[in-house]
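[1] structure for this input, please:
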Amino acid sequence: MQRTPAFALSALALTGALACGLAQAQTSEPVIGLITKTETNPFFVKMKEGATAEAKKLGAKLVSAAGKTDGDNAGQVTAMENLMAAGAKTILITPSDAKAIVPAIKKAQAKGVMVIALDSPTDPADATDALFATDNYKAGELIGQYAKAALAGKKPVIAMLDLHPGHPVGAQRHNGFLKGFGVQANDAKSNELSRPAEVACMADSFGDRAKGQTAMENCLQKNPDINLVYTINEPAAAGAYNALKAAGKDKSALIVSVDGGCAGIADVGRGVIAATSQQYPLRMAALGVAAGVEYAQSGKKVSGYTDTGVTLISAKPLPGVDSKDVKTGTDLCWGAK
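    Presented below is the predicted three-dimensional model:
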């Protein structure tokens, strides 16, 4: 996908806002649909809040839905059908299954609906009209670089608590982490998970705290000498920490993660997570809603990939690694400021 600068989309938002008053007399408020992976993950809760606020600001109606769990493609397909029936002309979606959702997207597009992926791409990535998301490979690289510096030459024994098989975001963060750490890793285009010799255990957490704890417990049974834990997100990191603490290994193993949510940044401050790559779901949601309003008013669709940014946050700065402190992370958590 071609990259589109975020400022260009901000201009779309401004245009939509200015035109809103003029268009109101001619059209009813535009209906914009939002489909997230779940309703409980804090990342998606914040994304919904951001979309709701932007829709209110721009005079649009937001209708939201979610899968029951991460990976619930059938639930997302049903949600798309319901949103089209409700009159949505733009649907924003965080795909749970990057491939399986594509036929439903194509069906919506054939009916004139603009479909924008938030956070997670489809497979192929150009199945949606546009993608507003973190550079997830870079997010992985940043925490990999930090982990390499933090171990300071100590032999790594790595546990990888991943998302679920075949998901592009999971693969990009996983492989990016290994690349940043300096070991064998697939490139950003691959959805296959690399497993170099330094990785002692790989387990799926589904981005869930309880499942993350179980995954970490299983990894410790396989190799009790694990000293570095990569986690797909901060709920999984919290679960991993619980398992490590119960085993008396919370002081000997380093956890790194991705999200940079407010609770996750607090965990960085408490020493639960050593470093996290902060992403900005409120920004993704606002840009998506603004693009939807513009489409409703002018018929102009957005296209390509917009990188919504990523920042490494840590409590302990390390030489040669560019990171921001916990205060900065707290000020920026979820992209609120």
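[2] neighbouring contacts of the host helix or strand of residue 109?
    Taking DSSP states H and E as the definition, residue 109 sits inside helix 102-110. With contact meaning CB atoms under 8 Å, 6 or more residues apart in numbering, helix 102-110 is reached by 76-77, 80-81, 84, 91, 93, 115, 122-124, 127-129. To be clear about C-beta, it is placed using only N, CA and C from the backbone, and glycine gets the same treatment.
[3] parallel or antiparallel, which strands does the helix or strand just after that helix pair with?
    Using DSSP H and E, the next helix or strand after helix 102-110 towards the C-terminus is strand 114-118. Partners of strand 114-118 in the sheet, by DSSP bridges, are strand 90-93 (parallel), strand 130-133 (parallel).
[4] so for strand 114-118, what's the average pLDDT?
    Mean pLDDT, strand 114-118: 98.
[5] ok so residue 302 is a helix residue?
    No: Residue 302: not assigned to a helix; according to DSSP: H, G, I helix; E, B strand; the rest coil it is coil.
[6] isn't it right up against residue 117?
    No: using CB atoms under 8 Å, residue 302 makes no contact with residue 117, being 11.4 Å away.
[7] how far does stretch 169-184 sit from its chain's centre?
    15 Å (CA atoms, centre = their mean, to the nearest Å).
[8] ditto for stretch 48-67
    Using CA atoms, centre = their mean, the offset of stretch 48-67 from its chain centre is 18 Å.
[9] buried set for that stretch?
    Using 16 or more other CB atoms under 10 Å as the test for burial, stretch 48-67 gives 48, 50-52, 54-55, 57-60, 62-67.
[10] return the subset of those lying in helices.
    Of the positions in those, 48, 50, 51, 52, 54, 55, 57, 58 sit in helices, assigned by DSSP state H.
[11] how many other residues sit next to the closest residue to the third one other than its chain neighbours?
    Spelled out, that is residue 51. With CB to CB, 6 or more residues apart in numbering as the criterion, residue 51 has its nearest non-adjacent residue at 3.9 Å, and that residue is residue 285. Neighbour count for residue 285, taken as other CB atoms under 10 Å: 31.
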